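Asks: model this:
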Amino acid sequence: MKELIISQTFSTPGVVFNPKSGELKIEGRSIPENPDDLYLKLLEWIHGYFKKPAELTRIIVKLEYVNSGSSKFLLEIFRTLKRYHDEGKESVVEWYFEEEDESIMELGGHFESTTGLPFNMHIIY
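Replies: Numbers count the residues shown, from 1 in each chain. Below is the predicted model of the structure:
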């Protein structure tokens, strides 16, 4: 399976999904007008990846802003990861947020409590 790389723009996050290392990185701002244009590609890649995943899949999320449409798709990504996790394909989320950014911190906590997927919360100083 090929690595998925999508360049960051003003309204969409940068994405680097590496099937060999099992690191799936999403970083930047996620406020696209049509979030399905981006996130359906990510979900399709994830389903293909889990046919032969790395021993541990780490999704590394460093978002500075997320609109409601993106939030819906992120939740779907985490629910998908949780289904694979429950099948024995170990996954963990590394959720990064700036020290004073309560909304992104709370969003990570919401995703963790909603999905039951393991989250590690990291403060960016």
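
Asks: tell me which strands and helices the longest helix along the chain is in contact with?
Replies: When the chain is parsed with DSSP state H, its longest helix is helix 68-86. In terms of contacts (3 or more Cβ pairs under 8 Å, 6 or more residues apart in numbering; DSSP states H and E), helix 68-86 is packed against helix 35-49, strand 57-66, strand 91-98, helix 102-115. The way it works is simple: take the backbone N, C-alpha and C, and place the C-beta from them, glycine included.

Asks: Show me what counts as buried in stretch 102-112.
Replies: In terms of neighbour count (16 or more other Cβ atoms under 10 Å), stretch 102-112 has its buried residues at 104, 105, 107, 108, 111, 112.

Asks: So which residues make contact with it?
Replies: Under the criterion Cβ atoms under 8 Å, 6 or more residues apart in numbering, residues 61, 63-66, 71, 74-75, 78, 93, 95, 97-98, 117-119, 121 lie in contact with stretch 102-112.

Asks: switch the cut-off to 7 Å
Replies: 63, 66, 71, 74, 75, 78, 95, 97, 119, 121 (Cβ atoms under 7 Å, 6 or more residues apart in numbering).
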